[in-house]
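Asker: Build me a model:
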Amino acid sequence: QGDSVHPYLRRRNGQEAPAPPHPRLEECLKGTLGVPLFQEQLMQMAIDAAGFTAGESDQLRQAMSSKRSRARMAAMRDRLYAGMAERGITGAVADDIVRKIEGFADFGFPHSHAVSFAYLVYSSSWIKLHYPAEFACALLNAQPMGFYSPHTIVRDATRHGVEVLGPCVAASRKDCTIE
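Answerer: Alright, predicted model coming up:
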């Protein structure tokens with residue numbers, strides 16, 4: 001997906017040196033080891049490499065969003081190539097930059113979302129580790145979530161040592177509870 005995830009991981013693990021696709025992109029990609037990962041970087045790449053205005057870079061972001069339009073993306077691609085050519089970025093380097101920007105549409109998101117998601121994942125993992133029964137119970141009570149079926153949650157809980165009781169006409173409630 002945009003040839004970003006694996007290079008970032010290799011660079012983060014010290015297996016590969018940080019290297020932006022072009023020196024003009026060094027500043028906007030330094031925080032992610034020369035690899036574009038966030039929406040804000042996509043927009044800054046268009047400004048730095050192709051001379052986009054802030055408004056144009058926002059149009060690019062919209063064209064790459066979940067409701068992307070192939071026609072809008074094609075028009076933005078032409079503008080990217082033209083702007084990069086004006087700045088001496090051509091050939092394989094220009095193709096690589098465009099590929100990275102277009103690949104972003106399949107996986108990219110704003111930096112703030114990534115930070116929020118990381119906190120949620122960390123918190124959820126901590127609760128699951130230290131309070132597996134409560135964690136499973138809360139997930140079951142939040143159904144339908146669209147991620148995991150109740151069966152999957154119950155099987156995972158039992159694999160992690162939680163004793164799951166079946167329904168009881170005399171004792172069960174509408175929601176899952178802890179005994």
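
Asker: Other residues contacting the helix ranked longest in the chain?
Answerer: Counting by DSSP state H, the longest helix found in the chain is helix 111-130. The set of residues external to helix 111-130 that reach it, using Cβ atoms under 8 Å, 6 or more residues apart in numbering, is 37-40, 134-135, 160. For glycine as for every other residue, the C-beta is placed from the backbone atoms N, C-alpha and C.

Asker: Just the buried residues of it, please?
Answerer: Buried residues in helix 111-130, counted by 16 or more other Cβ atoms under 10 Å: K128.

Asker: What is the subsequent helix or strand relative to that helix?
Answerer: Going down the chain from helix 111-130, the next helix or strand is helix 132-141, by DSSP states H and E.

Asker: could you say what helices and strands that following helix packs with?
Answerer: On a contact count with 3 or more Cβ pairs under 8 Å, 6 or more residues apart in numbering; DSSP states H and E, helix 132-141 meets helix 111-130, helix 150-159.

Asker: Tell me which of these lies nearest to A46.
Answerer: Proximity to A46, assessed across the helices and strands packed on helix 132-141 by Cβ to Cβ, is greatest for helix 111-130 (16.3 Å).

Asker: distance between that closest one and the chain's centre?
Answerer: 14 Å (Cα atoms, centre = their mean, to the nearest Å).

Asker: swap in stretch 139-151?
Answerer: 22 Å.

Asker: Now it - C-alpha only, PDB.
Answerer: The C-alpha trace of stretch 139-151 is given here as PDB (Å, rounded to 0.1, in the frame of the first residue of the first chain):
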ATOM      1  CA  LEU A 139     -17.600  -6.300  24.400                       C
ATOM      2  CA  LEU A 140     -20.600  -8.700  24.500                       C
ATOM      3  CA  ASN A 141     -22.800  -6.000  25.900                       C
ATOM      4  CA  ALA A 142     -21.700  -3.600  23.200                       C
ATOM      5  CA  GLN A 143     -23.000  -5.900  20.400                       C
ATOM      6  CA  PRO A 144     -23.500  -5.500  17.500                       C
ATOM      7  CA  MET A 145     -20.200  -3.800  16.900                       C
ATOM      8  CA  GLY A 146     -19.400  -5.100  13.400                       C
ATOM      9  CA  PHE A 147     -15.900  -6.300  14.300                       C
ATOM     10  CA  TYR A 148     -16.200  -9.600  16.100                       C
ATOM     11  CA  SER A 149     -19.100 -11.900  16.600                       C
ATOM     12  CA  PRO A 150     -20.200 -12.900  20.100                       C
ATOM     13  CA  HIS A 151     -19.000 -16.400  19.400                       C
END
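
Asker: Thanks a lot, see you next time.
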